[in-house]
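**Q** I would like the atomic coordinates for the input below:
(one chain, ligands or ions: 1)
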Amino acid sequence: MTSAELPAPYGEGAAPSTPAREATAPAPAPAETKPAGRIRIHHLQQAKDQGRHFAMLTAYDQYAAQVFDEAGIELLLIGDSAANNVLGHATTLPITLDEMILFSRAVSRATTRALVVADLPFGSYEVSPQQAVESSVRLLKEGLVHAVKMEGGADYADTVRALVRAGIPVMAHIGFTPQSEHALGGYRVQGRGEALQRIVDDAVALADAGAFCVLMEMVPAETANAVDAAVRVPTIGIGAGPGTTGQVLVWQDMAGLRGGRQAKFVKQYADVRSVLSNAARAYAEDVRAGTFPGPEHTF
Ligand code: KIV
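**A** Numbering: from 1, shown residues only. Below is the predicted model:
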């Protein structure tokens, strides 16, 4: 779904970007690049109902969020993958709710259009629905996000219900759930063969509980397609094939900032690592040669 294909101005209820004008005043020129409103969860539902796709990327800081928002990415995710992709941890487990709030604030403040979703980090929701509500309230109140994402299957349906009752939109995350990587025995495809039905049951239970969207990570396309057919709400895939309503990638994977081996499901759209490396080397050479700063950079 490109920005041009989104309902203009994203259907009923979109906040006007300018005050109402007198009937006689000339109509403003149509804003071609600045959409009139925020993507809402009902726009994602419309996309599924109308057979359109949408894109989601992770973002953890102001400038990446701004670039992706301006590029028309419909959803930005402050993933707990900030643990591995920003903070240098080996897994997503160590990141704290306070750290998630810090990243969330930066991303939320930099966007005008994308729906901003933050992960409930490991340890911030498993104890009880009340703990999940308290943590999510902090993500919305202090992190300024619009929705939360929570890992877990049908066992978490009550938690989804509690969040929805509190007015908090929830994206369910099933299939491979990185916070459980030790329990799952590492990064492994989930929902193969007979396990397909369990993934479908998880999705149905979470959607019935009120999740506005079901994200699936590392499941066979056949499983993702079965989930997409079983639930009315939109689905998002990462390593789940082309049959979901939306797709998500970690931005550093998508843009080629992270080095090393990439997962099979990653498509790299740029080589930002080389661009940055070349820029840093050229800068250092200039400094060492005494050619930077030049007169034009000097007061
Ligand atoms: O934290 C994250 O980046 C995620 C995506 C991989 C979906 O959960």
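**Q** how near is the nearest residue to G143 once chain neighbours are set aside to K264?
**A** Once flanking residues are discounted, G143 sits nearest to S104: 3.0 Å by Cβ to Cβ, 6 or more residues apart in numbering. C-beta here means a position set from N, CA and C on the backbone, and glycine is covered the same way. Remark: distance between S104 and K264 (Cβ to Cβ, to the nearest Å) = 29 Å.
**Q** of those two, who's got more company?
**A** A direct count of neighbours by other Cβ atoms under 10 Å for S104 and K264 places S104 higher, at 28 against 8.
**Q** I'd say the more buried one and L77 touch.
**A** No. Contact criterion Cβ atoms under 8 Å: S104 and L77 do not qualify, at 10.1 Å.
**Q** Overlap of the contact sets of the two?
**A** Counting by Cβ atoms under 8 Å, 6 or more residues apart in numbering, the common neighbours of S104 and L77 are A118.
**Q** re the thing from before, so what's the residue nearest to G143 up against?
**A** Counting by Cβ under 8 Å, 6+ apart, S104 makes contact with I78, V116, A118, L139, E142, G143, L144, V145.
**Q** give me phi/psi at the last one?
**A** With angles defined as degrees, to the nearest 10, V145 shows backbone torsions of phi -80, psi 170.
**Q** Around the ligand, pick out the residues from the stretch 151-299 of the chain.
**A** Applying Cβ under 6 Å from any ligand atom, we find that the stretch 151-299 of the chain lies next to the ligand at H173, L215, E217, I238, V248, V250.
**Q** which one of these is nearest Q130?
**A** H173 (20.5 Å; Cβ to Cβ).
**Q** Next one, pLDDT for M1 please.
**A** Per-residue pLDDT puts M1 at 42.
**Q** just checking, G256 touches S277?
**A** No. G256 lies out of contact with S277 (Cβ under 8 Å); the separation is 11.1 Å.
**Q** higher neighbour count, the two?
**A** G256 (17 against 12).
**Q** Pick out the residue closest to the middle of this structure.
**A** Centroid-nearest residue in the chain, with Cα atoms, centre = their mean: L77, separated by 2.4 Å.
**Q** Just the closest residue of the stretch 1-150 of the chain to the ligand, please.
**A** Closest residue of the stretch 1-150 of the chain to the ligand, Cβ to the nearest ligand atom: G79 (2.4 Å).
**Q** buried sites along stretch 197-214?
**A** 199-200, 202-207, 209-214 (16 or more other Cβ atoms under 10 Å).
**Q** hang on, the earlier thing: tell me which element the residue nearest to the centre of the chain is part of?
**A** In the assignment (DSSP states H and E), L77 maps to strand 75-78.
**Q** As a check, name the ranges of all helices in the stretch 51-200 of the chain.
**A** Remark: helices assigned in the stretch 51-200 of the chain by DSSP state H, counting those that start in this stretch are 62-70, 82-85, 97-109, 129-141, 157-165, 181-184, 196-208.
**Q** and the closest residue in space to G243 that isn't next to it in sequence, how many neighbours does it have?
**A** Nearest in space to G243, with sequence neighbours left out and distances taken as Cβ to Cβ, 6+ apart, is N225 at 4.1 Å. By the measure other Cβ under 10 Å, the count of residues near N225 is 19.
**Q** For R273, list the residues it contacts.
**A** G256, L257, R258, G259.
**Q** cutoff 6 Å now
**A** For R273, the contact set (Cβ atoms under 6 Å, 6 or more residues apart in numbering) comprises G256, L257, G259.
**Q** closest to T177 among these?
**A** Among the contacts of R273, and counting by Cβ to Cβ, the member closest to T177 is L257, at 24.3 Å.
**Q** Quick check, L75 in contact with T58.
**A** No. If you go by Cβ atoms under 6 Å, L75 and T58 don't touch, sitting 9.9 Å apart.
**Q** what's in contact with stretch 184-200?
**A** With Cβ under 6 Å, 6+ apart as the test, stretch 184-200 has contacts from G175, F176, M218, V219, P220, T223, A226, V227, A230.
**Q** could you dump those to a markdown table with pLDDT?
**A** Output for these, formatted as a markdown table (pLDDT from 0 to 100):
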| residue | pLDDT |
| --- | --- |
| G175 | 98 |
| F176 | 98 |
| M218 | 98 |
| V219 | 98 |
| P220 | 98 |
| T223 | 98 |
| A226 | 98 |
| V227 | 98 |
| A230 | 98 |
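**Q** Out of those residues, list just those in helices.
**A** If you go by DSSP state H, the contacts of stretch 184-200 have T223, A226, V227, A230 in helices.
**Q** Show the pLDDT at the closest residue to the third one other than its chain neighbours.
**A** It refers to V227. Spatial nearest neighbour of V227, excluding adjacent residues (Cβ to Cβ, 6+ apart): A203 at 4.4 Å. Note for A203: predicted pLDDT of 98.
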